[in-house]
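Chemist: Sequence plus predicted model, see below.
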Amino acid sequence: MDTRLKSRLTPWELLALGLSFSFVGLFIWAQSRLQIPPYDYDIYIHTQEYDFYGFYYPHWTVPVFWLLNKLQHPYGYILLNAVSILSVFFALRIFGGNVPMALLSFQMLYVLFLGQIVGVLLGGLGLLWWGISHKRWYIAGLGLILAWTKYQIGIPACILLLLLAEISWKHWLRLLFIPLLVVGGSLILSPSWPLKLWETLQKYPVNDWGSISLWRWIGPYALLLWLPPLLLPLTRRTRFIALIATNAMALPYFQQTDILSLFILPIGWPFVLLGNLGYLFFLYYWKALQALVIIPLLIYLTILTPPFFTTCQKGIKSLLKAIHPPKAW
């Protein structure tokens, strides 16, 4: 991890970063010509007018959007996207993902075009893991609260990372200090925000047109996908990757942009390249994005198929020995 963080930028990484920032400028120009605002960024900014339509995030993020609103458009939009790019780059260096391909993937450019905050969340995951690895518990706590901003990615990923870390109870207290301070402060300032969030979800259900979850097709049976990565013999790293892939398929809702949570991991460039099938959206619309479930599914099968067959072989051998025990000498 430290070696990756300290290593110099490769030409490809430098090019990817430069193009990512350039695309932000291109998107501002396109949005002004088409007279359309960046959809998600616009929702965040409207929270300053007490309009929470389409806002499904914890309200401790609202002060951040107050700052972005003060900068006015497009400067707030530029700042958010700059932080997103740098956050994803940091997460890629922490977890060992392919930097150029992830930064220039369809999912990353989609995030930048709409002004989404998933990149900041992934940076929070990286900060959490760096803080745990270096025993900087308050920094880890800051990463934790950043990652919790988007529940369907942050909460499962944080739980998995914390379980891998084997933290003592004394360090738990220090790690949770900042998250408890932020959550507690938000409840003091606005005690009813969880209820408002629930009312928003009931009144304006999340738009699942771009969701890749298998829940759409098989319903609660998707939960069975959690069993193999939890039960089969795997290394800690491969189990973590398999569970993140499972998270994408087994939750009731998982947006295609959230596949970036897989792209920051060392999954191999072919899987990241598959993310660009998202460009078929311009031909097949939302069905093309829903079909991107093929990415976590292939990662899932690639990791779990070998240990599954190995376990089956051992089970068959044990069964045969029980049925036909070897003759005594």
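Modeler: Yep, it's here.

Chemist: Can you tell me the SS state at residue 266?
Modeler: Judged by DSSP: H, G, I helix; E, B strand; the rest coil, the three-state class of residue 266 is coil.

Chemist: What pLDDT is listed against it?
Modeler: As predicted, residue 266 sits at a pLDDT of 94.

Chemist: Contacts only, for the residue nearest to it when sequence neighbours are not counted.
Modeler: Spatial nearest neighbour of residue 266, excluding adjacent residues (Cβ to Cβ, 6 or more residues apart in numbering): residue 96 at 4.1 Å. For glycine as for every other residue, the C-beta is placed from the backbone atoms N, C-alpha and C. Applying Cβ atoms under 8 Å, 6 or more residues apart in numbering to residue 96 gives the contacts 1, 4, 265, 266.

Chemist: Count the residues that sit near the second one.
Modeler: Looking back up the chat, that one is residue 4. The number of residues packed near residue 4 is 13, by other Cβ atoms under 10 Å.

Chemist: do you know how far it is from residue 162?
Modeler: 22 Å (Cβ to Cβ, to the nearest Å).

Chemist: One more: the last one?
Modeler: Using Cβ to Cβ, we find residue 266 at a distance of 20 Å from residue 162.

Chemist: rewinding a little: by neighbour count, which of the contacts of residue 96 wins?
Modeler: Neighbour-wise, the contacts of residue 96 (other Cβ under 10 Å) top out at residue 265, 22 neighbours.

Chemist: Quick one: residues contacting that one.
Modeler: Contacts for residue 265 (Cβ under 8 Å, 6+ apart) come out as 95, 96, 97, 240, 241, 244.

Chemist: close enough to count as contact, the last one and residue 260?
Modeler: No. With contacts defined as Cβ atoms under 8 Å, residue 244 does not count as touching residue 260, sitting 11.0 Å away.

Chemist: Could you check which of the two has the larger neighbour count?
Modeler: Legend: neighbour count by other Cβ under 10 Å for residue 244 and residue 260, higher for residue 260 (29 against 23).
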